[in-house]
Every structure is written in C-alpha cells, then in structure tokens.
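Trainee: Provided below are the primary sequence and the corresponding predicted coordinates.
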Amino acid sequence: MTKEYRTVPEYLINADTMVILPHFDQHGNLYSVVCEVGRRFYVKQKPWEIINNSCLFNGSSFQGRVEGAIHITKYNRMVPIMICNRQGIYFFPTQSSKSETCIWFAHDHIKAIIAIDSESCEVFLSSRMRVPINSTKAVIETKVNRTAQYRHLVNQRESSWQPHRFPLDLSDHQHLTLERSGAYSFNKKDPEFQL
C-alpha cells in the first residue's frame, strides 16, 4: 500500500474494525494497516499484537481465547477469536497467527467472497472495501462458517446457563450466623429454636 495514512502507536479493536493487514515498513519492520468503516491507518504493532492486546483489554489473553475456542468448537487449528462477545466482535485468521502474512478479518464485516481464480479470492467488506488474498474461496467460506458456528455456540451457552442451586438441608441442625466481623459461619442449632 503506497497511500499515506495516519500512523498511531497502538490500537484496540472496536465494532468498526473490518480487517487488520500486515504491512512492512521501509526498514522491514512488521506493522499493521487497520481498516475501519470509513478510515484506515498504520499501527506500529504487529497484527497479532493488536489481536492480543484487544483480548487483554476485554479480560483474556489471546491464548485464553484460543483455548476457549478449541474447547467449544473442537477445532484445533486457526480457530476464530472472540474479542468481545457483548459487542459481537469475532475475528478469524487467514493463516497461522504466527505467520507474518496472516490477515485478520472481522466476521461482522464480511459481505461476500468472490473467487478470482483457483488459488485466490477477493473478500468484500463493509464500506465496499475489497481485499484480495491468496486463499481459495472455499477456505475463506469455511473460516466464515466456523466463526458463525462459534458465535452461535457461545451465545447459546450464555442464554441457557443457569447457576446450580443446591437445596438447603436443615436436617443436620446447622444454621448460618453473621458474625460481628461481617463473616458468616455455620453453627449447630440450639435445641430450643429447632424448626
């Protein structure tokens, strides 16, 4: 990319973030070009650092998100990453996250995938942005579908989760007492006050 964009030292993913592209500066340093709806800029961080820092900001490490995705989906390679479920922000990588040419796409902003030839395709995003990539249409469609399935499974778990409730067993003649310190303790009941 030859166009000059504003440069920022760091970046956190938000609902407008569409894609994070790897970019090498004139000295060979790996940084990122971040494309949001309506604007683009250089970030002096590697794509993976942006993903990791955004995960940390939302309460988990990248590795924690990977382990959670593997546990829920049973996929074990290049899993989608939940940045923030509350805002519906999920990303997926085009390659291994360790690859310097890995591109990260926001699931919400994928509008279409068009094959260019048997080895490459173009991903159409919000704001009519197009990103050509060296991957087949079928591979990217699989990644989009896996991300959708992961989102569904996470949302299904959250909506159906209920805390376990344990019945209170009074047969052992214990009761709960609030101490002056503010702590609670269990004590044997006085026989005079049995239920």
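Mentor: Arrived safely. Note that the coordinates shown come from a computational prediction; the quantities given were computed from them, not determined experimentally. Numbers count the residues shown, from 1 in each chain.

Trainee: Can you show me the CA trace of stretch 81-97 as CSV?
Mentor: Extracted C-alpha coordinates of stretch 81-97, given in CSV (Å, rounded to 0.1, in the frame of the first residue of the first chain):
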residue,chain,number,x,y,z
ILE,A,81,-11.1,-15.5,18.2
MET,A,82,-13.8,-13.8,20.4
ILE,A,83,-12.5,-10.3,21.0
CYS,A,84,-15.7,-9.2,22.8
ASN,A,85,-18.9,-11.2,22.8
ARG,A,86,-21.0,-8.4,24.3
GLN,A,87,-20.3,-6.3,21.3
GLY,A,88,-20.3,-9.3,18.9
ILE,A,89,-16.7,-8.8,17.8
TYR,A,90,-15.2,-12.0,16.4
PHE,A,91,-12.1,-12.3,14.2
PHE,A,92,-10.6,-15.1,12.2
PRO,A,93,-7.1,-15.5,10.7
THR,A,94,-6.4,-16.4,7.1
GLN,A,95,-3.3,-18.3,8.2
SER,A,96,-1.5,-19.3,11.3
SER,A,97,-1.4,-16.4,13.7
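
Trainee: So what touches that stretch?
Mentor: Contacts to stretch 81-97, defined as CB atoms under 8 Å, 6 or more residues apart in numbering, come from residues 13-15, 17, 20, 48, 51, 54-55, 58, 62, 65-66, 68-69, 77-80, 101-108, 133, 135, 140, 143-144, 146-147, 150-151, 154-155, 158. Where you see a C-beta, it was placed from the backbone N, CA and C, and this is true even at glycine.

Trainee: Average pLDDT for it, rounded please.
Mentor: Mean pLDDT, stretch 81-97: 95.

Trainee: Then stretch 158-169?
Mentor: Mean pLDDT, computed over stretch 158-169, is 64.

Trainee: same thing with stretch 38-50?
Mentor: pLDDT averaged over stretch 38-50 gives 96.

Trainee: Enumerate the positions of it that are buried.
Mentor: Arg40, Tyr42, Val43, Gln45, Lys46, Pro47, Trp48, Glu49, Ile50 (16 or more other CB atoms under 10 Å).

Trainee: Stretch 81-99 too?
Mentor: Result for stretch 81-99 [16+ other CB under 10 Å]: buried residues Ile81, Met82, Ile83, Cys84, Ile89, Tyr90, Phe91, Phe92, Pro93, Thr94, Gln95, Ser97.

Trainee: Redo the residues you listed as TSV? Include distance to Ile113.
Mentor: Output for the buried residues of stretch 81-99, formatted as TSV (distance: CB to CB, whole Å):
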residue	distance to Ile113
Ile81	19
Met82	22
Ile83	21
Cys84	24
Ile89	20
Tyr90	17
Phe91	16
Phe92	12
Pro93	15
Thr94	12
Gln95	16
Ser97	21
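
Trainee: Farthest-apart pair in these, please.
Mentor: With CB to CB as the measure, no two of the buried residues of stretch 81-99 lie farther apart than Cys84 and Gln95, at 23.2 Å.
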